[in-house]
Structures are given as structure tokens and as C-alpha cells.
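J.: Structure, please.
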Amino acid sequence: MPTQAASDDLTSNRDRYYRSQVEMPESMRELMEQIAFEYAETYDSYLVTEDDREYFWNRKGTGFIGFYRRRRRVIATGGVLAPLEDRESLLAEFMEFARRQRWSVIFFNIPRAYSSLYRKSGFQITKCGEEPIIQLDRTQWQGKTTNGSVGRKTIARSRASSFAS
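T.: Predicted coordinates for the structure are as follows:
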């Protein structure tokens with residue numbers, strides 16, 4: 001998957017860590033966008049392509065983790081972006097790198113299907129909110145029906161209050 005230029009760039013950088021996209025060669029920025037598009041699974045995954053993140057790439061050059069860092073605290077959003085078969089090793093490599101840096105790592109918005117992967121890496125999981133999935137083909141927006149009519153009292157009160165103000 002990585003281009004030859006991106007592979008050469010990864011092997012020349014011992015830890016495959018970049019403080020910003022500016023430090024990355026153009027070939028890696030292009031690969032980063034391709035990987036984010038192909039392997040993103042949460043609504044915030046696309047944010048890793050913003051230029052305000054730091055990045056850690058796996059040895060194979062097939063995936064990366066984008067994160068914010070404030071002193072020794074790392075907040076990773078968007079998840080582990082790599083093919084399924086490379087996610088566990090990427091997470092292990094990243095955690096080893098973070099341990100050497102003495103960083104404390106937090107991941108936000110991980111898909112439920114990958115909770116065992118994070119637990120295996122020593123993370124505790126806390127549910128914080130929901131990611132609602134609305135099936136649009138089964139959803140109606142007309143409101144509550146009362147005696148066959150659609151909330152006429154609510155509509156009338158709404159109109160009355162708008163004229164009163």
C-alpha cells in the first residue's frame with residue numbers, strides 16, 4: 001500500500017513520529033489522506049488530516065495514529081487508522097513509543113468492535129455518550145400524532161407565542 005517514496009521516508013525516520021504535517025514529505029501526506037479515507041470508522045476520523053495534529057506511523061507504513069499533545073498528555077482521535085491486520089501492531093508500537101516519551105495516552109471515540117484491542121493494550125474503557133445512527137428510510141419528522149392530527153396544539157401555541165413577542 002505505501003508508495004516507494006513513503007516507504008523510504010518511513011525507514012529513514014527511526015520512530016516514525018512527526019510533530020506536524022509540515023515535517024512529513026508530500027508522499028506521506030498523500031498516503032495519510034488515502035489511509036484516513038479508506039480505514040476511517042468514526043465520524044471524527046477525518047479530523048486527523050487537519051494540520052494541527054502530531055502523527056505516529058507504523059513500521060510498515062500502512063497506518064498511523066493522529067493525536068494532540070499537551071505536555072505529557074496525548075489525546076488521540078480518529079482511532080488506529082490502518083488495515084485490520086496491522087492495527088494491533090500499530091497500537092503496540094505507538095504505546096511503546098509513548099512509554100519511552102513518558103506520555104499518558106487517551107483515545108476518544110473508539111468503535112465498540114475494537115474495545116478488546118484497546119483492553120489488550122492496557123486501556124480501560126469508559127462509555128461517554130452515544131454515536132446515534134438514524135435510519136433515514138425509516139424515520140419520519142412529522143412529530144407526534146394526536147387523534148389523527150399532527151400536534152396542532154403545539155403548532156397553535158408556537159404561532160401564538162411568536163405573535164406575542
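J.: Following element in sequence after the lengthiest helix in the chain, please.
T.: Looking across the chain with DSSP state H, the single longest helix is helix 84-101. Remark: after helix 84-101, the chain's next helix or strand is strand 104-107, criterion DSSP states H and E.
J.: which helices and strands does that next one pack with?
T.: strand 73-76, helix 84-101 (3 or more CB pairs under 8 Å, 6 or more residues apart in numbering; DSSP states H and E). Where C-beta positions appear, they are placed from N, C-alpha and C, glycine not excepted.
J.: Can you give me the buried ones in the next helix or strand along the chain from it?
T.: Proceeding N to C from strand 104-107, the next assigned helix or strand is helix 115-120, under DSSP H and E. Of the residues in helix 115-120, 117-118 count as buried by neighbour count, 16 or more other CB atoms under 10 Å.
J.: can you check stretch 82-92 too?
T.: Applying 16+ other CB under 10 Å to stretch 82-92 flags 82, 86-87, 89-91 as buried.
J.: shaky segments in the chain?
T.: Low-confidence segments of the chain, defined by pLDDT under 70, are located at 1-15, 129-131, 143-165.
J.: Now do the helices in the protein.
T.: Per DSSP H, the chain carries helices over the ranges 4-12, 26-39, 84-101, 115-120, 152-164.
J.: by contact count, what packs against the longest strand seen in the chain?
T.: The residue-count maximum for a strand in the chain (DSSP state E) belongs to strand 64-70. In terms of contacts (3+ CB pairs under 8 Å, 6+ apart), strand 64-70 is packed against strand 54-57, strand 73-76, helix 84-101.
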